[in-house]
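Chemist: Sequence and predicted structure, then a few things I'm wondering about:
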Amino acid sequence: MNESASADQSDTASAGAGAVTMCTRNPKLRAAAWCTECRRAYAGRFLGSREDGRAICYECAELGDIRLLSSEQQAVDPALSGGTRFALVRMVLQPHQTFALSYRGSVMPAVRAGFIATMAGLMFWLMWNQLLRAEEWNEWVARVTRIPAGSELLPWLPWLAIPALAAIRLFAGSVALHIGLRMAGAPDGSFADHTRVMALTSIALFLCAIPSRVGTFAAMVVWISGAMAFLRQQYSFSTLRALAALLPAVFVLSVLPPN
Ligand SMILES: [Zn+2]
């Protein structure tokens, strides 16, 4: 009886193109993979990797005393497994996929990718400003740096500041994100977890290659949609709650370049 009921259910779930399989444990979450022991579908947060790399739910691993890959062995961040270009395309088209698999390894690969993307975003932003609104831009830089407007140094100075600006943006964004999520009641999630989210979503800054304001606006929209995808996936936040949780980070990012 039970079996036929669940067979019916899986039939409906797989019927029609684009049907989404939901997690057995938390039906609000999309399933990332099937456990190779109990054959149930789970969201990434309930799945680990066996030593041969196949997925297994933590319950089966514990019951069967099956060894899991440790975080040091889990060397590749699943969000970056296809390379940075693929990560960007996925962030734009299917942000929920970016955070579908749980990952407990080092955050450094994500931070490195996020730092490079932020530097690239700042370079594009600077380039478009200098090309498209040179006069206005130079006046602004002269005012901020107090260097005389005619100085030869003026066009070069902002380029030298890019690595420091990128580091500040990534760090300040992570802090604001972490504070916002904690205030909105995110149940767990360390500062490192949220730094990883900030870094991965910063890959959106490559979109600043699109000229002028259009690129920076697109990057912000994709950043928000990526961060919201994480919140729905990881903490099952509603859309409204996710937006509220992101407010501090959105504020910090909108006062920092590129904007
Ligand atoms: Zn299982």
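Modeler: Arrived safely. Nothing here was measured: the structure is a model prediction, and the numbers come from that model.

Chemist: how about low-confidence regions in this protein?
Modeler: 1-18, 70-75 (pLDDT under 70).

Chemist: What parts of this structure come near the ion?
Modeler: Contact residues (Cβ under 5 Å from the ion) of the chain with the ion: 35, 37-38, 57, 60. No exception for glycine: its C-beta is placed from N, CA and C like everyone else's.

Chemist: mind redoing it with 8 Å?
Modeler: With Cβ under 8 Å from the ion as the criterion, the chain comes near the ion at residues 35-40, 42, 56-57, 59-61.

Chemist: which of those residues sit farthest apart?
Modeler: Arg39 and Ala61 (14.4 Å; Cβ to Cβ).

Chemist: picking that back up, want to throw the residues of the chain next to the ion into a markdown table with secondary structure?
Modeler: Listed next are these as a markdown table, based on DSSP: H, G, I helix; E, B strand; the rest coil:
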| residue | secondary structure |
| --- | --- |
| Cys35 | coil |
| Thr36 | coil |
| Glu37 | coil |
| Cys38 | coil |
| Arg39 | coil |
| Arg40 | coil |
| Tyr42 | strand |
| Ile56 | strand |
| Cys57 | strand |
| Glu59 | helix |
| Cys60 | helix |
| Ala61 | helix |
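
Chemist: Drop anything exposed from these.
Modeler: The neighbour count (16 or more other Cβ atoms under 10 Å) marks 35, 37, 40, 42, 56-57, 60-61 as buried among these.

Chemist: if I pick the most centrally placed residue in the chain, what's in contact with it?
Modeler: For the chain, the residue sitting closest to the mean C-alpha position, by Cα atoms, centre = their mean, is Thr201 at 3.2 Å. Residues near Thr201 by Cβ atoms under 8 Å, 6 or more residues apart in numbering: 91, 114, 222-223, 226-227, 230.

Chemist: just Trp137 next, same as before
Modeler: By Cβ under 8 Å, 6+ apart, Trp137 lies in contact with 129-130.

Chemist: again, but for Ile66
Modeler: By Cβ under 8 Å, 6+ apart, the contact list for Ile66 reads 37, 50, 56, 60.

Chemist: Out of the residues you listed, flag the one nearest to the ion.
Modeler: For the contacts of Ile66, the closest approach to the ion (Cβ to the ion) belongs to Cys60, at 3.2 Å.

Chemist: Is it correct that that closest one is in contact with Tyr42?
Modeler: No - if you go by Cβ atoms under 8 Å, Cys60 and Tyr42 don't touch, sitting 9.9 Å apart.

Chemist: hey, what's in contact with both of the two?
Modeler: Cys35.

Chemist: ok, for Leu68, nearest residue in space, not its chain neighbours?
Modeler: Gly48 (4.2 Å; Cβ to Cβ, 6 or more residues apart in numbering).

Chemist: Please compute how far the strand or helix carrying that neighbour lies from its chain's middle.
Modeler: Per DSSP states H and E: Gly48 is located in strand 47-49. Distance of strand 47-49 from its chain centroid, counting by Cα atoms, centre = their mean, to the nearest Å, is 20 Å.
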